[in-house]
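Novice: Generate a structure from the sequence data that follows.
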Amino acid sequence: MRSIFITGGASGIGLAAARRFAREGWTIGIGDIDETGMRRAASELSAYAAPLDVRDRGRWGPALDGFVAQIGRLDVLLNNAGIARYGMFEEVSPAEADLQVDINVKGVINGAYAALPHLKATAGSRLINVASCAGLFGSPGLAVYSATKFAVRGLSEALDVEFARHGIGVACVMPWFVETPILDSGSAGTNRTIRDATAGQPVYSVDEAAEVIWQAAHGRERDYIVGKAGRQVRFASKWMPERFRRRLKAAVMG
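Specialist: Purely as a prediction, here's the structure:
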């Protein structure tokens, strides 16, 4: 029986992914700071649950070790936990910037370190890091968040090469806007939220994101985009960068 451990698995994309893999008979492990939501998800899916603040390196070992002790293997670690703060750079406090870096970057790094011994011991294992299409281009209103997702992309690219010698595949999943509570994130300096930025833009479902994660767990590619809009943005930012940048500036200016 194959197994997956999911951070941020109590809600949103993480919970949808847990449900997707559970339907296929996988053993599910969930780590989350939301202990109430985590217990609810664990009860629904007969999943292993471990309270986990991904920033705390000391909590990672017990969480993963306890899960692997039950099933004897770790086929996939899904580094999904993440947060965002929306607003112009000066509207986002240094403390809010630090929080994004600590969870979105350090949390992913901590997960990679903790999972590596278990992934090495499991043939055909995968490390899947959830970034964002905000990691494809510098996203106004999401400057620090965008920077953290660029970092996750870069880490995934490097580890995909490094971990190949251990027989571990690495994938980076980059969602466009997905209907999760993160869309209602703002910052202390503004009453605007990410949902304001979705005006006129498609918003995809958590089930669509979960399906892409399922594909990433079974494929051999490194990068996976959630949503047609995300694929269009990747094309534009790669092949028409100056035109794309001018459009972003024009949008911000008015």
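
Novice: which residues of the stretch 151-254 of the chain score low on pLDDT?
Specialist: 244, 248-249, 251-254 (pLDDT under 70).

Novice: Quick check: phi and psi on the closest residue to I103 other than its chain neighbours?
Specialist: Distances taken as C-beta to C-beta, 6 or more residues apart in numbering place I83 nearest to I103, at 5.3 Å, with adjacent residues excluded. To be clear about C-beta, it is placed using only N, CA and C from the backbone, and glycine gets the same treatment. The phi/psi pair for I83 (degrees, to the nearest 10) reads phi -140, psi 170.

Novice: Number the chain from 102, please
Specialist: In the new numbering, first residue 102, that becomes I184.

Novice: just the helices in the stretch 252-355 of the chain please.
Specialist: 295-298, 307-319, 329-340, 342-354 (DSSP state H, counting those that start in this stretch).

Novice: buried sites along the shortest one?
Specialist: Pointing back at helix 295-298 there. 295-296, 298 (16 or more other C-beta atoms under 10 Å).

Novice: what ranges do the strands span in this structure?
Specialist: 104-108, 128-133, 149-152, 177-180, 227-231, 270-276, 324-327 (DSSP state E).

Novice: CSV please, covering those and showing mean neighbour count and distance to Q171.
Specialist: Listed next are these as CSV, based on neighbours: other C-beta atoms under 10 Å; distance: least, C-beta to C-beta, whole Å:
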stretch, mean neighbour count, distance to Q171
strand 104-108, 28, 9
strand 128-133, 27, 8
strand 149-152, 20, 6
strand 177-180, 28, 15
strand 227-231, 25, 20
strand 270-276, 25, 23
strand 324-327, 20, 28
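
Novice: Figure out which of those strands is closest to A117.
Specialist: strand 104-108 (10.0 Å; C-beta to C-beta).

Novice: coming back round to it: including distance to A170, could the strands of the chain go into a markdown table?
Specialist: Formatted as a markdown table, the strands of the chain follow (distance: least, C-beta to C-beta, whole Å):
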| stretch | distance to A170 |
| --- | --- |
| strand 104-108 | 11 |
| strand 128-133 | 11 |
| strand 149-152 | 10 |
| strand 177-180 | 16 |
| strand 227-231 | 20 |
| strand 270-276 | 24 |
| strand 324-327 | 30 |
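
Novice: how about the ones you listed, which one is nearest I204?
Specialist: Nearest of these (C-beta to C-beta): strand 104-108, 9.7 Å.

Novice: rewinding a little: would you turn the buried residues of helix 295-298 into TSV with distance to I210?
Specialist: Shown next, in TSV, are the buried residues of helix 295-298 (distance: C-beta to C-beta, whole Å):
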residue	distance to I210
I295	24
R296	29
A298	28
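
Novice: Quick check: which of the helices of the stretch 252-355 of the chain is buried the most?
Specialist: helix 307-319 (a mean of 20; mean count of other C-beta atoms under 10 Å).

Novice: ok, residues contacting it?
Specialist: Helix 307-319 has contacts (C-beta atoms under 8 Å, 6 or more residues apart in numbering) with 105, 113-114, 116-118, 120-122, 125, 176-177, 179, 227, 229, 231, 272, 274, 276, 279-281, 325-328.

Novice: tell me the angle of it relative to helix 329-340?
Specialist: 60 degrees (axes from the mean of the first three to the mean of the last three C-alpha atoms, to 10 degrees).

Novice: Give me the distance from helix 307-319 to the chain's centre.
Specialist: 12 Å (C-alpha atoms, centre = their mean, to the nearest Å).

Novice: Would you mind writing the CA trace of that helix as CSV?
Specialist: The C-alpha trace of helix 307-319 is given here as CSV (Å, rounded to 0.1, in the frame of the first residue of the first chain):
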residue,chain,number,x,y,z
VAL,A,307,-9.3,22.5,-5.2
ASP,A,308,-10.3,19.3,-6.9
GLU,A,309,-8.6,20.5,-10.1
ALA,A,310,-5.5,21.2,-8.1
ALA,A,311,-5.6,17.8,-6.4
GLU,A,312,-5.8,16.1,-9.8
VAL,A,313,-2.7,17.9,-10.9
ILE,A,314,-0.9,16.7,-7.7
TRP,A,315,-2.1,13.2,-8.4
GLN,A,316,-0.5,13.5,-11.9
ALA,A,317,2.7,14.9,-10.3
ALA,A,318,2.9,11.9,-8.0
HIS,A,319,2.8,9.5,-11.0
